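Student: Quick one: sequence and predicted model below, then my questions.
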Amino acid sequence: MQARAQLPVAVVTGGSRGIGLEICRQLKALGYLVVLGSRDLRRAELAAKELDPEGERVFPCHIEPDNSVNVHQLTDFVREKFGRVDALVNNASTPPDMWALAGTTDLSPVAEALDVNLFGSWRVTQALLPLLRSSPRPRIVNVSSEGGSIALMSGGRPAYSVSKAALNALTRMLAGELYRDGILVNAVCPGWTATEGGGAGGRAGTGAGSRSAAQAAASVVWAVTLPNGGPTGTFTRDGRELPW
Ligand SMILES: NC(=O)c1ccc[n+]([C@@H]2O[C@H](COP(=O)([O-])OP(=O)(O)OC[C@H]3O[C@@H](n4cnc5c(N)ncnc54)[C@H](OP(=O)(O)O)[C@@H]3O)[C@@H](O)[C@H]2O)c1
């Protein structure tokens with residue numbers, strides 16, 4: 001077995017359920033040490049226990065992407081425990097504001113979506129960047145949505161869609177800025193998936209998303225496991241490019 005210090009380290013936000021939990025499961029199976037984040041430490045502990053009863057590979061962590069004090073604590077935790085980060089998966093997200101319209105929506109859910117989906121991902125990325133620079137294969141994956149595709153956008157779900165479009169823009173900026181440092185930065189839409197965020201309480205067969213959380217997570221893990229020199233600044237699902 002590889003010595004623990006040689007194993008790659010991944011940080012996953014919103015990892016206690018849905019696609020985030022599956023991303024953690026798949027990364028652990030690939031040999032990563034996984035920091036499983038949740039806004040609720042108890043939920044993170046229960047999820048980590050489910051994936052890794054021995055507590056050797058999956059480490060629960062209180063992560064609130066929209067709280068800068070907490071994000072600094074996250075950096076301290078990861079620096080002290082592992083000394084570097086090989087993959088950051090910005091997965092945490094507010095759910096889609098299904099029936100809202102841009103012309104009439106209350107702006108407070110829009111502000112919340114931007115705070116979590118855009119600024120939260122941005123904040124965690126900035127905080128962990130020095131630890132990503134210590135990795136031989138650093139990757140940042142922003143879990144986005146086709147709903148954030150400006151090319152495909154018409155109307156509806158304004159808070160979610162605008163926040164994911166902004167997350168896509170951030171992905172392009174970081175990819176351009178970090179390219180020379182060998183940090184690959186990509187956005188992935190996992191597809192419409194049977195989770196709480198995907199609608200109908202995540203119950204498959206109820207008209208909620210048709211993909212399983214495992215299929216959706218595999219789309220994200222593809223971008224985590226790209227080789228050095230691989231694509232950066234892309235927006236994909238299942239490794240295939242989506243329109244921006
Ligand atoms: N499901 C789909 O059909 C679909 C389609 C396209 C894109 N996506 C994207 O895939 C990712 C995972 O989605 P999912 O379907 O697994 O959703 P989910 O089941 O609702 O899980 C979302 C995660 O984000 C965290 N979260 C929720 N609200 C938050 C808030 N206000 N502040 C901070 N964290 C919050 C939660 O973590 P804690 O409560 O543990 O902190 C939760 O684990 C998201 O980025 C989503 O936009 C999903």
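Tutor: Cool, the structure landed.
Student: What count of nearby residues applies to residue 4?
Tutor: Counted with other C-beta atoms under 10 Å, the neighbours of residue 4 add up to 11. Every C-beta, even on glycine, is put in place using the N, C-alpha and C of the backbone.
Student: Quickly note the distance from residue 227 to the ligand.
Tutor: 24 Å (C-beta to the nearest ligand atom, to the nearest Å).
Student: burial measure for that residue, as a count.
Tutor: 8.
Student: Where does it fall, secondary structure wise?
Tutor: For residue 227, there is no enclosing helix or strand under DSSP states H and E.
Student: Go ahead and flag the most central residue of the protein.
Tutor: residue 91 (2.2 Å; C-alpha atoms, centre = their mean).
Student: my read: residue 221 touches residue 23, true?
Tutor: Yes. Residue 221 is within contact range of residue 23, at 6.3 Å (criterion: C-beta atoms under 8 Å).
Student: Disregarding flanking residues, what is the spatial nearest neighbour of residue 114?
Tutor: Closest residue to residue 114 apart from its sequence neighbours, by C-beta to C-beta, 6 or more residues apart in numbering: residue 163 at 5.1 Å.
Student: residue contacts, the one you found?
Tutor: Each residue near residue 163 by C-beta atoms under 8 Å, 6 or more residues apart in numbering is listed here: 94, 110, 113-114, 116-118, 148.
Student: what's the answer for residue 216, then?
Tutor: Listed by C-beta under 8 Å, 6+ apart, the contact partners of residue 216 are 19, 22, 190-191, 193, 195, 209.
Student: Which helix or which strand is home to it?
Tutor: Going by DSSP H and E, residue 216 is in helix 213-224.
Student: centre of the chain versus the lengthiest helix in the chain, how much separation?
Tutor: Assignment by DSSP state H gives helix 158-178 as the longest helix of the chain. Taking C-alpha atoms, centre = their mean, to the nearest Å, the mean C-alpha location of helix 158-178 is offset from the chain mean by 13 Å.
Student: What strands line up against the helix or strand that it is followed by, and which way round?
Tutor: As assigned by DSSP H and E, the chain's next helix or strand after helix 158-178 is strand 184-188. Strand 184-188 pairs in its sheet with strand 139-143 (parallel), strand 235-237 (parallel), by DSSP bridges.
Student: For the ligand, tell me whether the shortest one is touching it.
Tutor: Going back to what we said before, that points to strand 235-237. No. Judged by C-beta under 6 Å from any ligand atom, strand 235-237 makes no contact with the ligand; its nearest approach is 8.8 Å.
Student: Average pLDDT for that strand, rounded please.
Tutor: In this model, strand 235-237 has a mean pLDDT of 98.
Student: Parallel or antiparallel, which strands does the helix or strand just after that strand pair with?
Tutor: Under the assignment DSSP H and E, the closest C-terminal helix or strand after strand 235-237 is strand 240-241. Sheet pairing of strand 240-241 (DSSP bridges) gives strand 235-237 (antiparallel).
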